[in-house]
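Colleague: Build the 3D model from these lines:
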Amino acid sequence: MDIKTLTSGALIKHPSRGLLLGTGPFRESAEPPDSGPAFYIDTFRLDDPRPWKIPAALLSLSTEGSPLPPAPEIRWMEPSPDAYAQVFAEMMEQIATGQLVKSVPAMPQFGEMQPQHTPRELILRAVSSSPSHYPYAWWTEREGFCGITPETLFHQQGRRLETMALAGTARPEDEGVFINDDKEIREHEIVAGSILSRLSPCGSVTRTARSVLNLGTLIHFVTYLILESDEQHTPAHWIRLLHPTPALGSQPRTEKTLAQLDNWRSRLRCPLRFGAPFGFLENGDFFCLVGIRSLYWQGQKLSLCAGGGVVASSTLTHEWRELKLKRDTVRRSFHLP
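Modeller: Below is the predicted model:
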């Protein structure tokens, strides 16, 4: 199956089933199907009226022996810090006055792929990424996106739910400083604590100790949580309970703080699907990723988005550098120059 020639498709790496490709035409639905496979593809706001994308066919793919296509030529525009600096100042003011504990501004870098290439080539580069990451993609004839995320929102099997807190970022060579960095530890514990408080009323929760996850180009703090739920719930229930975690959202999480975050993301021209849940359902097994480390396209125009957590001890210079570090990591993950 040549992905480059498919005018529409959906792709995800499942932890036990490997790489799965859905081909069109897709049927879109407000509810999951009673049987058969379906992809869940929504916006960050969870406002797609028909987020379930039901493929005409589902294929298992192998990436062994698949050579990378030649690297496409992309002309990137350097992002201006002005809009980000304004949003950062507003966040810090709300943190100082106690309205916020944490928020996550996300900002894209824009580029254009030269016409001898097609953005669908990026999907082939995503599936050749590190085995510790999860490639995912959704595309139509004129637009789409694909990513290589290390972060899962949750994996539901019956009443058992596995999730993770992934927050706090540094370069691998800085691990010795990172593990004692109060700002990064606090940022991570806000995320882990929020997920724990949301899951605890639902049943019995087991939480691992905070550890360091080395993804090659970046390291993060990670905590794993497992819930044995008292009741059976639909995937949509868990999505609305957990998304967005403070790794991408605001803390405290209220209608007001989420609306404010949406305003900040809009002003920074963040793609609507950046950080959104991206999942796959079949036979009662629902696996859901957090849609980060991604590239978005319309025609030949691209955007590469990155976000970083802002807390009381954050500085503008540090956060701006972290965004660049994350963008560079995405480019390396896609094997792009």
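Colleague: Identify the residue nearest Lys4 in space, chain neighbours excluded?
Modeller: Counting by CB to CB, 6 or more residues apart in numbering, the nearest residue to Lys4 once its immediate chain neighbours are dropped is Arg120, at 5.0 Å. The C-beta positions use only the backbone N, C-alpha and C, and glycine is treated the same way.
Colleague: which residues does that neighbour contact?
Modeller: 3-4, 6, 139, 144 (CB atoms under 8 Å, 6 or more residues apart in numbering).
Colleague: Likewise for Thr206?
Modeller: Residues in contact with Thr206 (CB under 8 Å, 6+ apart) are 225-226.
Colleague: Read off the pLDDT value for it.
Modeller: Note for Thr206: predicted pLDDT of 97.
Colleague: Then Glu64?
Modeller: The model reports Glu64 with a pLDDT of 67.
Colleague: Repeat that for Lys301.
Modeller: 97.
Colleague: I'd say it and Pro108 touch.
Modeller: No - with contact defined as CB atoms under 8 Å, Lys301 does not count as touching Pro108 (11.0 Å).
Colleague: need the helices for this protein, in chain order.
Modeller: Secondary structure of the chain by DSSP state H: the helices cover 82-96, 121-126, 175-178, 182-199, 235-242, 255-267, 316-333.
Colleague: Could I get the buried residue list for the third one?
Modeller: Within helix 175-178, the residues that count as buried by 16 or more other CB atoms under 10 Å are Phe178.
Colleague: Against which helices or strands is it packed?
Modeller: strand 160-170, strand 211-214 (3 or more CB pairs under 8 Å, 6 or more residues apart in numbering; DSSP states H and E).
Colleague: What strands flank the longest one, and is each parallel or antiparallel?
Modeller: Think strand 160-170. strand 152-157 (antiparallel), strand 219-229 (antiparallel) (DSSP bridges).
Colleague: most neighbours per residue, which of the helices of the chain?
Modeller: With neighbours defined as mean count of other CB atoms under 10 Å, the helices of the chain peak in mean count at helix 121-126, which reaches a mean of 24.
Colleague: burial count for Asp174?
Modeller: 12 (other CB atoms under 10 Å).
Colleague: Can you name the residues that contact it?
Modeller: Each residue near Asp174 by CB under 8 Å, 6+ apart is listed here: Ile219.
Colleague: how close does it sit to Glu322?
Modeller: To Glu322, Asp174 is 12 Å away according to CB to CB, to the nearest Å.
Colleague: one step back: quick check on the contacts of Arg120: which are buried?
Modeller: Buried, going by 16+ other CB under 10 Å: 3, 6, 139, 144, out of the contacts of Arg120.
Colleague: so which of those residues comes closest to Ser62?
Modeller: Using CB to CB, Ile3 comes nearest to Ser62 of the buried ones among the contacts of Arg120, at 12.9 Å.
Colleague: you'd agree the closest one is up against Leu21?
Modeller: Yes - between Ile3 and Leu21 there is a contact at 7.5 Å, judged by CB under 8 Å.
Colleague: hey, what's in contact with both of the two?
Modeller: 9, 11.
Colleague: residues near Leu166, how many?
Modeller: Number of residues near Leu166 (other CB under 10 Å) recorded here: 24.
Colleague: Quick check: the gap between the closest residue to Arg207 other than its chain neighbours and Glu112.
Modeller: With sequence-adjacent residues excluded and distances taken as CB to CB, 6+ apart, Arg207 is closest to Leu225, at 5.0 Å. With distances taken as CB to CB, Leu225 is found 41 Å from Glu112.
Colleague: So for the two, which residue has more residues nearby?
Modeller: Leu225 (20 against 15).
Colleague: what's near enough to touch the more buried one?
Modeller: 162-165, 192, 195-196, 199, 205-208.
Colleague: Turn these into JSON lines, columns for distance to Gln156.
Modeller: Listed next are these as JSON lines, based on distance: CB to CB, whole Å:
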{"residue": "Glu162", "distance to Gln156": "8"}
{"residue": "Thr163", "distance to Gln156": "9"}
{"residue": "Met164", "distance to Gln156": "14"}
{"residue": "Ala165", "distance to Gln156": "17"}
{"residue": "Ala192", "distance to Gln156": "19"}
{"residue": "Ile195", "distance to Gln156": "15"}
{"residue": "Leu196", "distance to Gln156": "17"}
{"residue": "Leu199", "distance to Gln156": "12"}
{"residue": "Val205", "distance to Gln156": "14"}
{"residue": "Thr206", "distance to Gln156": "16"}
{"residue": "Arg207", "distance to Gln156": "18"}
{"residue": "Thr208", "distance to Gln156": "19"}
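Colleague: All set now, cheers.
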